[in-house]
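1. here is the input, now give the coordinates:
(chains A and B)
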Amino acid sequence: MSEYNKPLPGMDGLTKEFYDFCKAEALHFQKCSSCGTFRHVPREMCAQCNSFEWQWAKSTGRGTIYSWVVINRALHPAFHDPNPEAVPMAPVVVEMEEGVRLLANMVDCPPDQLTMDMPVEVVYEAVTDEVTLPRFRRRL
Amino acid sequence: MLKDKACIVGIGETGYCRKPGSGMTEEVLQLKASVAALADAGLTGKEIDGILAFPNLGKSEAFAASLGSENLRFAATIHMGGASPVASMRMAAMAVDSGVANYVLIPGGWNGYSGARVRETVTTDKNSIPGGAIAWDYYMPQGLTVPPQWYALMCRRHMHEYGTTHEQMGAVAVAMRKHAQLNPGALMCGKPLTLEQYMASPMLADPYRVNDCCLETDGGAAFIVTSVERARDLGKTPIYIMGAASGQPYPADEFTTRADFHQTGLTIAAPEAFQMAGVTAQDIDFAQIYDCFTFEVIQQLEEAGFCKRGEGGPFVENGCIELGGHLPVNTSGGLLSEAHSLGLGHIVEAVKQLRGDAGERQIVDAELGVVTGWGDFGDGAIAILRR
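-> As a prediction, the model looks like this:
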């Protein structure tokens, strides 16, 4: 795994907490303790009610495809060099049952088979010893 | 109210190029454009007492030191990417109206072709834009790294909800290219584009083809804002800022979670600007719309109120946004076919049109024009200008 050369998140603060849940294969989102609103990306306070009280709440892991882009030319060396088979790739926006949206990739769906509102569920890919990224697969 | 309180009195450009590059530093490009704008206005650097620098392209203090602006008393940078020049125009109008500055210079310029490309800066500096740290932590690890990919996500959703088509995006590319044929300074002058050629252009970040993307070029531009009273003393036809506003989508630093996925900064800014100006979109003779990508023109035409949301695709068809059409858009060729002038070129072109100095591409009797800016994850700014 030491050869993984793609961008990695900064593993500190709330971002580390988010990805540590992914490493434990249990996707979590922040949930406001005051008004119950889920949020992503992680932030220190609730934009709905301005409460600083929150907890990590386990996601159902289920969502639907909201949008995607098929990257034919990566424009970032890590995503096609030295492996030209890496493109096309298709980052997807997934609308989760909690109401938040999450950017990810599919593991079992070629870009040309993506459809709007396709039901998907989270899976996990450990890309380094420290970092596990959320991915998605089709849900029947 | 800022209506008719300030004017644009000077514009300057360096000219634009790709290979072999400008051969100048980005600071020199901006200084040359600034000197040209000063000459156009009949001013000297000593009279400039306000400078609004473009994000990450130099400090107001350094420009003042080179230009001899000994009385710099108003210096700021608005962090809205390509929306910064128009947002800076509004801020300059506020400054000269309130008296905190008399002559405000807004420069911009870069080696977008021969220097560091956007694709490099946004992926190597997490402070390059306000949402950079979020992109770093949540977009880039998933392979979403550069602006055409961000905006393609917005475009695909729009296509899904409203039926916007590739042919309609192509109509934008073709219109900009047609206008560039009338602009000897445009990089794409002499290189016409048909819809068939557009449709054959390879996909880059589907739904964006290569020909949906703006040029990457070297060059600089600048403009100067002063009060109406001072503008009248300068001799040049003053171009009045009738209305100006800027706005942010919500949230501005992250776009996937927006409740209203099609909201942009213009959604907020445009009604404010039109109300300030006391005119409607139907009164406008031309629009210079920040065209980083073709769909962003369609989206901004909608959010600015030239048509309803979802109707931008049909709006750009049938030559409607070409010279001679209902609303000529980007009469210089824009970022897509003139050069990537960071949005300053749109302001320069609007001033040329309103002065009647636009040469072969002059719109007859142009009296009212709109300029927009778009930056980062959809920040927006808009100005309504008149002669």
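2. mind checking the SS state of the closest residue to residue A:68 other than its chain neighbours?
-> Counting by C-beta to C-beta, 6 or more residues apart in numbering or on different chains, residue A:92 is the residue found nearest to residue A:68 once chain neighbours are left out, at 4.3 Å. All C-beta spots, glycine's among them, are computed from the backbone N, C-alpha and C. State at residue A:92, reduced to three classes by DSSP: H, G, I helix; E, B strand; the rest coil: strand.
3. so who does residue A:92 touch?
-> A:65-68, A:103-106, A:114, A:120, A:136 (C-beta atoms under 8 Å, 6 or more residues apart in numbering or on different chains).
4. among those residues, which are in strands?
-> Among the contacts of residue A:92, DSSP state E puts A:65-68, A:103-105, A:120, A:136 in strands.
5. and the residue of the stretch 201-350 of chain B that's closest to chain A?
-> Proximity to chain A, evaluated over the stretch 201-350 of chain B using C-beta to the nearest C-beta, is greatest for residue B:206 at 3.7 Å.
6. and the nearest residue to that residue once chain neighbours are set aside, how far is that from residue A:60?
-> Nearest residue to residue B:206, sequence neighbours excluded (C-beta to C-beta, 6+ apart): residue A:70, at 3.7 Å. Residue A:70 is 27 Å from residue A:60, where distance means C-beta to C-beta, to the nearest Å.
7. the two: which has the busier surroundings?
-> Set residue A:70 next to residue A:60 and count neighbours by other C-beta atoms under 10 Å in any protein chain shown: residue A:70 wins out with 22 against 11.
8. correct me, but that one touches residue B:208?
-> No. Look at residue A:70 against residue B:208 with C-beta atoms under 8 Å: they stay out of range, at 9.6 Å.
9. wait, is residue B:231 part of a helix?
-> Yes. Counting by three-state DSSP, residue B:231 is found in a helix.
10. give the contact list for it.
-> Contacts for residue B:231 (C-beta under 8 Å, 6+ apart) come out as B:6-7, B:9, B:238.
11. direction included, what does the helix or strand hosting residue A:55 pair up with?
-> Here residue A:55, judged by DSSP states H and E, is contained in strand A:54-58. Strand A:54-58 pairs in its sheet with strand A:28-32 (antiparallel), by DSSP bridges.
12. can I get the strand it pairs with in CSV, CA atoms only?
-> Extracted C-alpha coordinates of strand A:28-32, given in CSV (Å, rounded to 0.1, in the frame of the first residue of the first chain):
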residue,chain,number,x,y,z
HIS,A,28,-21.0,8.3,10.2
PHE,A,29,-22.2,11.9,9.7
GLN,A,30,-22.5,14.6,12.3
LYS,A,31,-26.0,15.1,13.7
CYS,A,32,-27.0,18.2,15.6
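13. how about residues contacting whatever helix or strand comes next after it?
-> Toward the C-terminus, strand A:28-32 is succeeded by strand A:38-39 as the next helix or strand (DSSP H and E). Contacts to strand A:38-39, defined as C-beta under 8 Å, 6+ apart, come from residues A:29-32, A:46-47, A:57, A:96, A:98-100, B:257.
14. hmm, 7 Å instead?
-> The list of residues contacting strand A:38-39 from outside it, by C-beta atoms under 7 Å, 6 or more residues apart in numbering or on different chains, reads A:29-31, A:46, A:98-100.
15. now those residues: which count as buried?
-> A:29-31, A:46, A:98, A:100 (16 or more other C-beta atoms under 10 Å in any protein chain shown).
16. in a markdown table, list the residues you listed along with distance to residue B:46 and pLDDT.
-> As requested, the buried ones among the contacts of strand A:38-39 are exported to a markdown table (distance: C-beta to C-beta, whole Å; pLDDT from 0 to 100):
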| residue | distance to residue B:46 | pLDDT |
| --- | --- | --- |
| A:29 | 57 | 98 |
| A:30 | 54 | 98 |
| A:31 | 59 | 98 |
| A:46 | 52 | 98 |
| A:98 | 59 | 98 |
| A:100 | 54 | 98 |
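17. between these, which is closest to chain B?
-> residue A:100 (5.8 Å).
18. what's the neighbour count on the spatially closest residue to that closest one that is not a sequence neighbour?
-> Leaving aside its sequence neighbours, residue A:100 sits nearest to residue A:40 (C-beta to C-beta, 6+ apart; 3.9 Å). Using other C-beta under 10 Å, residue A:40 is surrounded by 22 other residues.
19. now the helices for the stretch 201-350 of chain B?
-> Here the stretch 201-350 of chain B has its helices, by DSSP state H, counting those that start in this stretch, at B:228-234, B:265-277, B:294-303, B:312-316, B:334-337, B:344-355.
20. hmm, who's touching the fifth one?
-> With contact meaning C-beta under 7 Å, 6+ apart, helix B:334-337 is reached by B:173, B:176-177, B:179-180, B:186, B:188, B:214-215, B:291-292.
21. tell me how far it lies from the chain's centre.
-> 10 Å (C-alpha atoms, centre = their mean, to the nearest Å).
22. same for the helix or strand residue B:151 falls within, what does it pack against?
-> Applying DSSP H and E as the criterion places residue B:151 in helix B:147-162. If you count contacts as 3 or more C-beta pairs under 7 Å, 6 or more residues apart in numbering or on different chains; DSSP states H and E, helix B:147-162 packs onto strand A:62-68, strand B:203-206, strand B:208-209, helix B:294-303.
23. okay, the ones you listed, which one's buried deepest?
-> Between the helices and strands packed on helix B:147-162, helix B:294-303 has the highest mean count of neighbours, a mean of 28, where neighbours are mean count of other C-beta atoms under 10 Å in any protein chain shown.
24. returning to that earlier point: closest one of the contacts of residue A:92 to chain B?
-> Proximity of the contacts of residue A:92 to chain B, judged by C-beta to the nearest C-beta, is greatest for residue A:67, which lies at 4.3 Å.
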